[in-house]
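Engineer: A structural model of the following input is requested.
(chains A, B, C and D)
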Number of protein chains: 4
Amino acid sequence: MPAFAYRRRVQFAETDLAGIVHFTCFFRYMEEAEHALWRAAGLSIAKAGETTGWPRLAAAFDFQAPLRFEDEFAVLVRITNVSQRSLQYEFTVMKEEQMIGRGTLTTALVSKTPGEPMKALDLPDDVIARLRSASEPPAEV
Amino acid sequence: MPAFAYRRRVQFAETDLAGIVHFTCFFRYMEEAEHALWRAAGLSIAKAGETTGWPRLAAAFDFQAPLRFEDEFAVLVRITNVSQRSLQYEFTVMKEEQMIGRGTLTTALVSKTPGEPMKALDLPDDVIARLRSASEPPAEV
Amino acid sequence: MPAFAYRRRVQFAETDLAGIVHFTCFFRYMEEAEHALWRAAGLSIAKAGETTGWPRLAAAFDFQAPLRFEDEFAVLVRITNVSQRSLQYEFTVMKEEQMIGRGTLTTALVSKTPGEPMKALDLPDDVIARLRSASEPPAEV
Amino acid sequence: MPAFAYRRRVQFAETDLAGIVHFTCFFRYMEEAEHALWRAAGLSIAKAGETTGWPRLAAAFDFQAPLRFEDEFAVLVRITNVSQRSLQYEFTVMKEEQMIGRGTLTTALVSKTPGEPMKALDLPDDVIARLRSASEPPAEV
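Structural biologist: Below is the predicted model:
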């Protein structure tokens, strides 16, 4: 199944006293992969001066095997669910052929006015189309 | 419903360019509350020299409202599920009376021998009993 | 010598595979102590809607002994140098009577206009006076 | 002046509410560059099972300009000082031709026996030679 791949190496500061990557880092890895996908789609999730943002509605990860210092790994990203006001990505973390874990991020689009609560907006079709296109490369003929 | 409460203030380094707490910090807050519960139970989740550890099987959080710099909040912890080899906690993050979000952590107990894969162990009854007792204070009479 | 004291416990996520607190965390500890001093002075270093900020000019720390998971420690803060456009704090990290390390943070005050470079401002006398007062309690008579 | 170059992009989680990279991240960037230099020298600073480590004696950074989300930058590493029991690196962070800041890390080599204080060791000549070689490529003829 096609997906966008983000590649990374474990850094020392990401390990904990158990000698493995601290579990919270996998949420950073998912976000880094998400933003790399946006760049691959010719977009940025946070342009200077913007009055909108993409906060999280939900985040989850299931852990299958640990990562250790200097391990090289890939985070595969797919768009799995799009509704009028939410976008869900699925992420699979692989160390070569070994499954390390799998997770999801669900985000919304909001307008931000200082001093007021965030207000949900409809997701722009063109952004979704570009993200889909970047994460689902066309089949080769 | 009774629960153990861990209290905390948002630190500057936990915010991001959107002006709110970065979503990954909520996973740190859950872990801090878990370890505070262990201490309240007279335990430590990582004693020096131990050859066992409590890695995560799963982590999830649903976000309802943002936290901002210097906000004071509470993380309420409850033990919601215990099986032979897994322990699940539920966490509720509150800013005074406002619900900020809710999440879960699921952990296992493993033995760690350098150079070998982690090996799952049965959860010790006395640890579970002490955690339950610390998170479910007896009803007042 | 009098100083403001900020108290804290080492969290699990702050440790690394060497089993001790990762060195970068000491810079977070210094900042947390700085902001606690501001609160003790009745101030906040980052009020919502402000168009000024306090970026770092320099940061340094000398390490003498490690901190480990669940260690309780204090960060003592003193204002050591104030010029027209810079403010320097000195921090001493103590674990009971043991010196863990010592560092400094030097900050400026800037105005921030989106799309323009930051511009240095003179430090407000009243802020400095309040910080001094909070970090140097009057001698008892 | 020759130096080893480590290249990186700013991640979202590294920004703070001021809209710039949090100052503590520059200490992570220096460490990442240090470890990349070790790999370029055919070494790892933390091999599994080792009973030695390289803790910090001192860390310092002077900030000249901020980095922002998605900025690409380079960290140039040079070995500037080697004594019998300490190794100092100098780091320069550049965003294209713009100087962002400059810092140093000073490290020692220690043996670690569980339950005992760390004990300083002499630095191995071959490690120093390999790091020097990787950070100071031979002049072209």
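
Engineer: how about the residues of chain A by chain D?
Structural biologist: Proximity of chain A to chain D (Cβ under 8 Å from any Cβ of the partner chain) is limited to residues A:11-13, A:19, A:28, A:31-32, A:35, A:39, A:44-46, A:48, A:68-70. Quick note: C-beta positions are derived from backbone N, CA and C, even for glycine.

Engineer: if we use 6 Å, what do you get?
Structural biologist: Those residues of chain A that sit near chain D, judged by Cβ under 6 Å from any Cβ of the partner chain, are A:11, A:13, A:28, A:32, A:46, A:69.

Engineer: next one: the second one relative to residue C:17, how far apart?
Structural biologist: The spacing between residue A:13 and residue C:17, counted by Cβ to Cβ, to the nearest Å, is 10 Å.

Engineer: same question, the last one
Structural biologist: Residue A:69 sits 6 Å away from residue C:17 when distances are taken as Cβ to Cβ.

Engineer: give me the common contacts of these two.
Structural biologist: Contact with both residue A:69 and residue C:17 is made by residues residue A:15, according to Cβ atoms under 6 Å, 6 or more residues apart in numbering or on different chains.

Engineer: flag the least confident of the residues of chain A next to chain D.
Structural biologist: Checked by pLDDT, these have residue A:46 as the lowest-scoring entry (94).

Engineer: is it true that that one touches residue D:69?
Structural biologist: Yes. Using Cβ atoms under 6 Å as the test, residue A:46 is close enough to residue D:69 to be in contact (5.4 Å).

Engineer: chain A: strands as residue ranges?
Structural biologist: A:4-9, A:52-53, A:56-63, A:72-82, A:87-95, A:98-107, A:109-111, A:119-121 (DSSP state E).

Engineer: let me have those in JSON lines, extended by mean pLDDT and mean neighbour count.
Structural biologist: Formatted as JSON lines, the entries for the strands of chain A read as follows, by pLDDT from 0 to 100; neighbours: other Cβ atoms under 10 Å in any protein chain shown:
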{"stretch": "strand A:4-9", "mean pLDDT": "97", "mean neighbour count": "17"}
{"stretch": "strand A:52-53", "mean pLDDT": "94", "mean neighbour count": "18"}
{"stretch": "strand A:56-63", "mean pLDDT": "98", "mean neighbour count": "20"}
{"stretch": "strand A:72-82", "mean pLDDT": "97", "mean neighbour count": "17"}
{"stretch": "strand A:87-95", "mean pLDDT": "98", "mean neighbour count": "19"}
{"stretch": "strand A:98-107", "mean pLDDT": "98", "mean neighbour count": "19"}
{"stretch": "strand A:109-111", "mean pLDDT": "96", "mean neighbour count": "17"}
{"stretch": "strand A:119-121", "mean pLDDT": "95", "mean neighbour count": "13"}
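
Engineer: measure the residue in chain A that chain B sits nearest to to residue C:107 for me?
Structural biologist: Distance from chain B to each residue of chain A (Cβ to the nearest Cβ) is smallest for residue A:60, at 3.7 Å. With distances defined as Cβ to Cβ, the gap from residue A:60 to residue C:107 amounts to 39 Å.

Engineer: repeat that for residue A:62.
Structural biologist: In this view, residue A:62 and residue C:107 are 42 Å apart by Cβ to Cβ.

Engineer: go on, residue A:91?
Structural biologist: 38 Å.

Engineer: pick out the residue closest to the middle of chain A.
Structural biologist: Geometric centre of chain A, nearest residue: residue A:34, 3.0 Å, by Cα atoms, centre = their mean.
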